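Enquirer: Quick one, fold the following:
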Amino acid sequence: MIKDMEQFIRKLKEPGKLIIVEGKKDSTALQRLGIDKDSIVELSKSPVYEVIEEVAEKTKDCIILTDLDKKGKELFGKLNSGLQRHGVRVDNSFREFLFKRTKLRQIEGLTEDIEIF
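Expert: Predicted coordinates for the structure are as follows:
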């Protein structure tokens, strides 16, 4: 399982994809994992429609890492459909990995010393 998590993090670090997160704590957690801050877009700074337009202007591939709670699922749905309407391909494999293979429910917890498996 740890090997899967290492592979997951390595894939997140690959250049060319923007990663959308809910807020500053999520962004900080990803940066602690070695992800470039320029690859991270925070939802807390702008309305959802502005984030969709910003991402669509910058890339055709993105990853949505909203929390795995009710609010995060709602945000994911809005972002996913909006981005796809703008021709952006959303890679759901990271979110699915966290949902199915870990106990983690908040992205900021990626770097905490907790048992997530």
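Enquirer: hey, let's count contacts and neighbours off CA atoms from now on
Expert: OK.
Enquirer: Point out where the chain drops to low pLDDT.
Expert: Along the chain, the parts satisfying pLDDT under 70 run over 1-2, 112-117.
Enquirer: all strands of it, in order?
Expert: 18-21, 40-42, 61-65, 89-91 (DSSP state E).
Enquirer: Neighbouring strands - and their directions - for the third one?
Expert: If I follow you right, that is strand 61-65. strand 18-21 (parallel), strand 89-91 (parallel) (DSSP bridges).
Enquirer: Just name the most buried of those strands.
Expert: For the strands paired with strand 61-65, the largest average neighbour count (mean count of other CA atoms under 10 Å) is found in strand 18-21, namely a mean of 24.
Enquirer: got the contact list for that strand?
Expert: Contacts to strand 18-21, defined as CA atoms under 8 Å, 6 or more residues apart in numbering, come from residues 27, 39-43, 55, 59, 61-67, 107.
Enquirer: any idea how far stretch 4-15 is from the chain center?
Expert: Taking CA atoms, centre = their mean, to the nearest Å, one finds stretch 4-15 lying 12 Å from the centre of the chain it belongs to.
Enquirer: List the contacts of that stretch.
Expert: Contacts with stretch 4-15, where a contact means CA under 8 Å, 6+ apart, come from Leu33, Gly34, Ile35, Asp36, Ser39, Phe94.
Enquirer: mind running it again at 7 Å?
Expert: Applying CA atoms under 7 Å, 6 or more residues apart in numbering, the contact partners of stretch 4-15 are Ile35.
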